[in-house]
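>>> Generate a structure from the sequence data that follows.
(chains A, B and C)
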Amino acid sequence: MANLAGFDLNLLRVLDALLRERSTVRAGERLGLSQPAVSAALGRLRHALGDPLFVRQGQGMTPSSLALALEPELRRVLQDLETLLRGPGGFDPAQATFDFRISGTDFFSSMLMPALVQRLAARAPGVRVQLVDLVPDAYVEMLDRYEVDLGLIPERDFPAWVAHARLLTCGFVVVARRGHPRLASVPAAAPVPLPLYCALDHVLCSPEGRLHGLGDAALAAAGHRRRVVASVPVFEGVLRIVAQTDLLALVPVPIARMRATEGTYDIYAPPVPISPVHLCMIWHRRFDDDPGHRWMRGQVAEVLAPLGRVG
DNA sequence: TATTGACGCTTTGTCACACC
DNA sequence: GGTGTGACAAAGCGTCAATA
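Below is the predicted model of the structure:
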């Protein structure tokens, strides 16, 4: 392995870009270098670390086991270096250049990303933001493994090393396709009669692929049950299914309202009270005082603030 | 003793091209 | 379509002497 005295630390940025892109062409684009420059840097990395690091496979580069093993620590070191070089309190969004990964459902793809991207373009053009799918039951671990910088999930208990802040409280409504034959006598926005609600089939959004959710718990508390016949991992899919079938769905108020003007479905109140969900952002405490991270948390909170308590 | 400028070597970049 | 390599150019860096 290399020693620090003779090692060019810029090579770590190249290794990071190669691990992210798995291609010398795309790594070059990410770094602002030509493909041959990345190839040469990879050659120097191979020599310094005594490992091939990447082997060519088809039209891309596959990392070696050593490259994969280095990845988490490499990200941490680069993050620390950025923080160090930025200096205390010296964060300037207009000059900042970093990537920020957020994990969340497609709720945030609709309710957060458009406004957030617009903000970044105006205030921090060098910052790139990525919304990545929630990996079921691994939200917290992804923070620890440097796979995401921020998680957007329903509030619950978190480990001590996870910091969190509540963003909004979100109620739920029932949606059904416009012209649903069984709901003709139910006025829009009125509660769906409980017997009818339980008699109809349902679709729900579950990134984990579950066939039960909040609605089932609320019904069970009232001594009733419904039949969920489908689940999809995104709300967009739920709304499309609702619009094209006789299924009902329970969806967050902001999502329902956002698409209501399209006229493909109507909105009703749930037949039983559904406890609102507190959505929060979570991050690793090692980023508590990171100026860039703190600034991004502020932007996310500000974008979602107008939704406030909905429903 | 610290700073500055000249000089030369080394490193790293791009371009063009061969190869897989 | 993508990677690796040779030729060449530019920039960076260390050394050394001159100077304040």
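>>> I'd guessed A:Arg128 sits against A:Asp99; true?
Yes: if you go by C-beta atoms under 8 Å, A:Arg128 and A:Asp99 touch, sitting 4.7 Å apart. The way it works is simple: take the backbone N, C-alpha and C, and place the C-beta from them, glycine included.
>>> Let's verify the closest residue to A:Pro181 other than its chain neighbours: helix, strand, or coil?
In space, and not counting its chain neighbours, A:Pro181 is closest to A:Asp246: 7.3 Å by C-beta to C-beta, 6 or more residues apart in numbering. Following DSSP: H, G, I helix; E, B strand; the rest coil, the label given to A:Asp246 is coil.
>>> Can you get me a residue count around A:Asp246?
For A:Asp246, the count of nearby residues is 13 (other C-beta atoms under 10 Å).
>>> OK, contacts around it?
Residues counted as contacts of A:Asp246 (C-beta atoms under 8 Å, 6 or more residues apart in numbering) are A:Ala176, A:Arg177, A:His180, A:Pro181, A:Arg182, A:Leu200, A:Asp201.
>>> got the domain boundaries for chain A?
Domain ranges of chain A: A:4-80, A:90-159+A:281-310, A:172-275, per automatic domain parsing.
>>> Quickly, which of the ones you listed bottoms out on average pLDDT?
Mean pLDDT across the domains of chain A is lowest at domain A:4-80; the value there is a mean of 80.
>>> mind checking how far that domain is from the chain centre?
Chain-centre distance of domain A:4-80: 26 Å, with C-alpha atoms, centre = their mean, to the nearest Å.
>>> and it, anywhere near DNA strand B?
Yes: with C-beta under 7 Å from any atom of the strand as the criterion, DNA strand B is reached by domain A:4-80 at A:Asp8, A:Asn10, A:Gly28, A:Gly32, A:Leu33, A:Ser34, A:Pro36, A:Ala37, A:Ala40, A:Ala41, A:Arg44.
>>> filter those to the buried ones?
Neighbour counting by 16 or more other C-beta atoms under 10 Å classes A:Gly28, A:Leu33, A:Ala41 among these as buried.
>>> so how far is DNA strand C from the residue lying closest to A:Pro159 once chain neighbours are set aside?
Counting by C-beta to C-beta, 6+ apart, A:Pro159 lies nearest to A:Val140, which is 6.5 Å off, once chain neighbours are set aside. For A:Val140, the distance to DNA strand C (C-beta to the nearest atom of the strand, to the nearest Å) stands at 33 Å.
>>> now swap in A:Pro181 and tell me
51 Å.
>>> Likewise for A:Pro191?
55 Å.
>>> Next up, the contacts around that residue.
A:Tyr268, A:Ala269, A:Pro270, A:Pro271.
>>> got it, and A:His164?
Counting by C-beta under 8 Å, 6+ apart, A:His164 makes contact with A:Glu155, A:Phe158, A:Cys280, A:Met281, A:Ile282, A:Trp283.
>>> Now it. Its backbone dihedrals?
Main-chain dihedrals, A:His164, degrees, to the nearest 10: phi -150, psi 160.
>>> now A:Val129
According to degrees, to the nearest 10, A:Val129 has phi -120, psi 140.
>>> for DNA strand C, what are the nearby residues on the stretch 151-300 of chain A?
Among all residues of the stretch 151-300 of chain A, none is adjacent to DNA strand C (criterion: C-beta under 7 Å from any atom of the strand).
>>> who are the neighbours in contact with the one residue in the stretch 151-300 of chain A that gets nearest to DNA strand C?
In the stretch 151-300 of chain A, the residue found nearest to DNA strand C is A:Gly292; the distance is 25.2 Å by C-beta to the nearest atom of the strand. If you count contacts by C-beta under 8 Å, 6+ apart, A:Gly292 has them with A:Glu82, A:Thr83, A:Arg86, A:Phe91, A:Ala96, A:Phe98, A:Phe100, A:Val127.
>>> And the strands in chain A, which stretches?
Ranges of strands in chain A, per DSSP state E, are A:54-57, A:60-63, A:98-103, A:127-132, A:150-154, A:162-170, A:172-177, A:201-205, A:227-232, A:249-252, A:265-268, A:277-284, A:309-310.
>>> Same list (these) but as JSON lines, adding distance to A:Ala115.
JSON lines is the format used below for the strands of chain A (distance: least, C-beta to C-beta, whole Å):
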{"stretch": "strand A:54-57", "distance to A:Ala115": "38"}
{"stretch": "strand A:60-63", "distance to A:Ala115": "34"}
{"stretch": "strand A:98-103", "distance to A:Ala115": "13"}
{"stretch": "strand A:127-132", "distance to A:Ala115": "11"}
{"stretch": "strand A:150-154", "distance to A:Ala115": "14"}
{"stretch": "strand A:162-170", "distance to A:Ala115": "13"}
{"stretch": "strand A:172-177", "distance to A:Ala115": "22"}
{"stretch": "strand A:201-205", "distance to A:Ala115": "22"}
{"stretch": "strand A:227-232", "distance to A:Ala115": "25"}
{"stretch": "strand A:249-252", "distance to A:Ala115": "17"}
{"stretch": "strand A:265-268", "distance to A:Ala115": "23"}
{"stretch": "strand A:277-284", "distance to A:Ala115": "15"}
{"stretch": "strand A:309-310", "distance to A:Ala115": "15"}
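>>> Many thanks, have a good one.
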